[in-house]
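1. Whatever this is, show me its structure:
(2 chains)
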Number of protein chains: 2
Amino acid sequence: MSRNLLIVSTSTVYGQEYLSYCEEAIKAFFAGKKEIIFIPYARPGGITHEEYTARAKDKFNQLGFEVKGLHEFTNPKEALKTAEGVFTGGGNTFVLLNQLYENDLVEVIRERVADGMPYMGTSAGSNITGLTISTTNDMPIVYPPSFDALQLVPFNLNPHYLDPQPDSKHMGETRETRIGEFHHFNTQPVVGLREGSWLHVQGDQVSLEGPLSARIFEKGKVPYELSPEDDFSFLLQL
Amino acid sequence: MSRNLLIVSTSTVYGQEYLSYCEEAIKAFFAGKKEIIFIPYARPGGITHEEYTARAKDKFNQLGFEVKGLHEFTNPKEALKTAEGVFTGGGNTFVLLNQLYENDLVEVIRERVADGMPYMGTSAGSNITGLTISTTNDMPIVYPPSFDALQLVPFNLNPHYLDPQPDSKHMGETRETRIGEFHHFNTQPVVGLREGSWLHVQGDQVSLEGPLSARIFEKGKVPYELSPEDDFSFLLQL
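-> Purely as a prediction, here's the structure:
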């Protein structure tokens, strides 16, 4: 298995520019590639594919890569068949996955990733690398034909993972409670990726990068923390 | 139209007992009824139908009503056909709606509500009174056959509505941003109901109760506040 994934919690951390905190990792990840295809389908804030692609293009150009939006191709499926690398931006996970199904792109992305094409996602674009989108934080504003995601890894992601706030007076569930509810109905582990963290998956190896620890949720176990020094590869064997 | 609905944001406000802050409203709402059927399908925190019903029963007994859990009936559809009143508790909106579809209960609840049977919901139980569950805050931990909800009112609800926190360093979307995204794909208004608020719908009249204002989101308009003194009935005519 030659997969090569960069699963990033958020495109932007507080007080910094778009993708700047992880730009060295992005440069290394796509090293040697000329043009990256950007998947703008998640439409954060409802912006258009054009507007969203312009934002990604601007940043990637600075890093030395050309970018073309997937919506610019007459046949997006064919475009992905020969893509050198893919970056899927964040926004709404339901809108993103729905559009991937509508354009019949799920299978081709799986095939290309199995083949070694580097795939990077942020937020919603990271969510869909898991088994299902059932641990997204997003509002279900459109109804996709399935919650099954790209399944590039055999676990689920919770990007923008947020710790319970002890002083909160809000009675809505914490993120941890929600993931606990998820495990009443689902068995796969969930990785809570805090803003500033990303997973790098290379073949059968997984490492956590960035300065923070990640929170791991396994069904029937007390949630626990793993840090960048720990080995995350067991997540591929569960 | 003789519908009679109590659409409550949360069962519990910070620092108080289950349903205590709105108990006078509940007593008045179900006045003259002997037995209420409790729908425990939303399973907050994954608790069982039995455990959840015990909690509701305890409180409703104090208020002078008998309670039977819908799961206690061999034929839940028949049970709802003759129910004096229904209370649907909160938890996970996807789990709740999925179970209603599995047991083929959506239509019978609609019919009985059109017939005047009082329906009270809290949180997820309020969410499903709207057109769709697309403005829930919950995680999509199961895949329901549709996002179409009970459609007892022609708008959507966002219970536990939360204002943006100006000092937050978290980069996930605010509730207002999420509802803005919803309106890129959907047209119905959304009522953001803060914890401590509830809507009372009687026929063609809607009023907001509790001490707080509610936030109204209409497609193409700047979101705005309405207070309990304002008339909410226009929401039924949009």
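
2. Find the residue ranges of chain A scoring beneath the pLDDT cut-off.
-> Within chain A, the stretches with pLDDT under 70 are A:1.

3. Output the longest helix belonging to it.
-> Looking across chain A with DSSP state H, the single longest helix is helix A:49-62.

4. Partner strands of the following helix or strand past it and their direction?
-> Counting by DSSP states H and E, the next helix or strand C-terminal to helix A:49-62 is strand A:66-69. Paired strands of strand A:66-69, with direction, are strand A:35-39 (parallel) (DSSP bridges).

5. Just the CA trace of the strand it pairs with, in CSV.
-> Below are the C-alpha coordinates for strand A:35-39, written out as CSV (Å, rounded to 0.1, in the frame of the first residue of the first chain):
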residue,chain,number,x,y,z
GLU,A,35,0.4,21.0,-10.6
ILE,A,36,-2.0,20.1,-7.8
ILE,A,37,-5.8,19.7,-8.3
PHE,A,38,-7.8,21.6,-5.7
ILE,A,39,-11.3,20.2,-4.8
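
6. where does the longest helix of chain A sit relative to the chain's centre, distance-wise?
-> 18 Å (C-alpha atoms, centre = their mean, to the nearest Å).

7. can I assume A:Val106 is in contact with A:Leu100?
-> Yes - between A:Val106 and A:Leu100 there is a contact at 5.4 Å, judged by C-beta atoms under 8 Å. The C-beta positions use only the backbone N, C-alpha and C, and glycine is treated the same way.

8. and for the two, which residues touch both?
-> Listed as contacting both A:Val106 and A:Leu100 by C-beta atoms under 8 Å, 6 or more residues apart in numbering or on different chains are A:Leu150.

9. circling back to that earlier point, outside of the longest helix of chain A, which residues touch it?
-> Against helix A:49-62 from outside (C-beta under 8 Å, 6+ apart): A:18-19, A:23, A:26, A:36, A:38, A:40-44, A:66-72, A:87, A:89, A:91.

10. just to revisit the earlier point, more neighbours: which of A:Val106 and A:Leu100?
-> Ranked by neighbour count (other C-beta atoms under 10 Å in any protein chain shown), A:Val106 and A:Leu100 place A:Leu100 first, with 24 against 18.

11. which of the contacts of helix A:49-62 count as buried?
-> By neighbour count, with 16 or more other C-beta atoms under 10 Å in any protein chain shown, the contacts of helix A:49-62 hold A:19, A:26, A:36, A:38, A:40-44, A:67, A:69-71, A:87, A:89, A:91 as buried.

12. how many neighbours does A:Glu181 have?
-> The number of residues packed near A:Glu181 is 25, by other C-beta under 10 Å.

13. how close does the residue located most distally from the centre of chain A sit to B:Thr12?
-> Residue farthest from the centre of chain A, counting by C-alpha atoms, centre = their mean, is A:Lys169 at 30.6 Å. Distance of A:Lys169 to B:Thr12, given as C-beta to C-beta, to the nearest Å: 11 Å.
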